[in-house]
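Turn this into a model:
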Amino acid sequence: MEVISLHIGIISRGNGRSAIQMAAYCAREKLYSDYTGRSYDYTNRQDLVYHEIMLPDYAPNTFHNPEVLWNSVEKIEKSKNAQLARTVIIALPRELIHSVHIQMVRQYAQEFFVQQGMCADISIHDKGDGNPHAHLLLTTRSLDRDGKWMCKQRRNYLLDKSGNRIRDPITKGYKLGRSIKTNDWDAPERAEEWRKGWAEICRSWFERCGISKEITHISYARQGIDREPTIHLGAKVRSLEDRGLLTDRGQKNRDIEMRNHERDRFIFREHIEKDRDRGLERDR
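Residues are numbered from 1 along each chain as shown. Next up is the predicted model:
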């Protein structure tokens, strides 16, 4: 059973990253960042298959423009280490054509992110090197009914038995408890939900397209399978390997595949020997 390849990450200002730059890279566009005062140009890339910004209810229509959307995000975030966006990168099934990839990714984005209140900037790339993949760039703040960005968390005042706020005698202000987050999108269980959701969509489309293939979001280790997963090569490395140029990452996968092959042979021999021993016991 094949395990999906889906990576979730964060675009953080604290790591020197820019939401506008990432949006330009994914959409293969030229976008200007008001925050950095720079333009980011990726229009020379020729591998864009599809791009769309999908919006939740209450989002301004102007957010269909990536420059407007992501400059709005960078403007509302004041912190030096602000989390600007969430990224989801998905390896797309090579057995399926681009028109199906688009439907799959749109279905996934709508069900698991847009319906939950996120703006989803989706792009599909394919260089024709056997590595079609999708980028989902997601907002981290919720929107209110007026299309304005909400706070990521709200104050939680401590209350007395009568339900009144408690004053701090020293600061003269009201006592605060732990802040309450506006949404739960960074909860650990969300990642599991998103991975499982993509696997289910893949299974559904395989069945719809008449492809017999099993796929899961559960790692080999969690399945109890003694198999070492290969690493993701990426488009550049795969292109070099396809041209017969050996790479370190490609060699790592060849070593992993060899170890898995030897492990499978060992397990197979064990089964044969056990079957033989059981047969001998019966003959006795």
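
centre of the chain versus the lengthiest strand in the chain, how much separation?
Criterion DSSP state E: the longest strand present in the chain is strand 83-91. Averaged C-alpha coordinates place strand 83-91 at 5 Å from its chain's average position (Cα atoms, centre = their mean, to the nearest Å).

I'd like to know which elements that strand is packed against.
strand 6-12, helix 19-27, helix 66-76, strand 133-138 (3 or more Cβ pairs under 8 Å, 6 or more residues apart in numbering; DSSP states H and E). From N, CA and C alone the C-beta is placed, and that goes for glycine too.

and F113, how many neighbours?
Using other Cβ atoms under 10 Å, F113 has 23 neighbouring residues.

Next: L69.
L69 has 24 nearby residues by other Cβ under 10 Å.

so who does it touch?
Counting by Cβ atoms under 8 Å, 6 or more residues apart in numbering, L69 makes contact with 23, 53, 62-63, 119, 121, 139.

residues touching D184, list them.
Taking Cβ under 8 Å, 6+ apart as the test, what D184 contacts is R190.

That one should be in a helix, yeah?
No - under the criterion used here (DSSP: H, G, I helix; E, B strand; the rest coil), D184 is coil, not part of a helix.

now it: how far from I201?
According to Cβ to Cβ, to the nearest Å, D184 and I201 sit 22 Å apart.

can I see the domain layout of the protein?
2-142+189-216, 230-283 (automatic domain parsing).

can I get those in CSV with distance to D168 and mean pLDDT?
Listed next are the domains of the chain as CSV, based on distance: least, Cβ to Cβ, whole Å; pLDDT from 0 to 100:
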stretch, distance to D168, mean pLDDT
domain 2-142+189-216, 25, 93
domain 230-283, 52, 62
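
Serialize the ones you listed to CSV and add fields for distance to T171.
Below are the domains of the chain laid out as CSV (distance: least, Cβ to Cβ, whole Å):
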stretch, distance to T171
domain 2-142+189-216, 23
domain 230-283, 51
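
Give me whichever of those domains is most buried.
When the domains of the chain are scored by mean count of other Cβ atoms under 10 Å, the highest mean neighbour count falls to domain 2-142+189-216 (a mean of 17).

Pull the distance from that domain to the chain's centre.
8 Å.

among the contacts of L69, which are in strands?
Among the contacts of L69, the ones falling in strands (DSSP E) are 53, 121.

now, which of the contacts of L69 sits nearest S79?
Minimum distance to S79 across these is 15.8 Å, recorded for T139 (Cβ to Cβ).

residue contacts, that closest one?
Contacts of T139 by Cβ under 8 Å, 6+ apart are 69, 73, 85-86, 118-119.

Most widely separated two among the residues you listed?
L69 and R86 (13.9 Å).

Could you check how far the closest residue to N183 other than its chain neighbours is from D47?
Using Cβ to Cβ, 6 or more residues apart in numbering and skipping residues adjacent in sequence, the residue nearest N183 is S142, 5.1 Å away. Plainly put, S142 is 33 Å away from D47 if you go by Cβ to Cβ.

Same question for P66.
On the measure of Cβ to Cβ, P66 and D47 end up 18 Å apart.

Export the contacts of T139 as a markdown table, with columns for distance to C151.
Putting those into a markdown table (distance: Cβ to Cβ, whole Å) gives the following:
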| residue | distance to C151 |
| --- | --- |
| L69 | 19 |
| V73 | 14 |
| A85 | 17 |
| R86 | 17 |
| M118 | 16 |
| C119 | 17 |
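
which one of those residues is nearest H133?
Of those, the one sitting nearest to H133 (Cβ to Cβ) turns out to be R86, at 16.6 Å.
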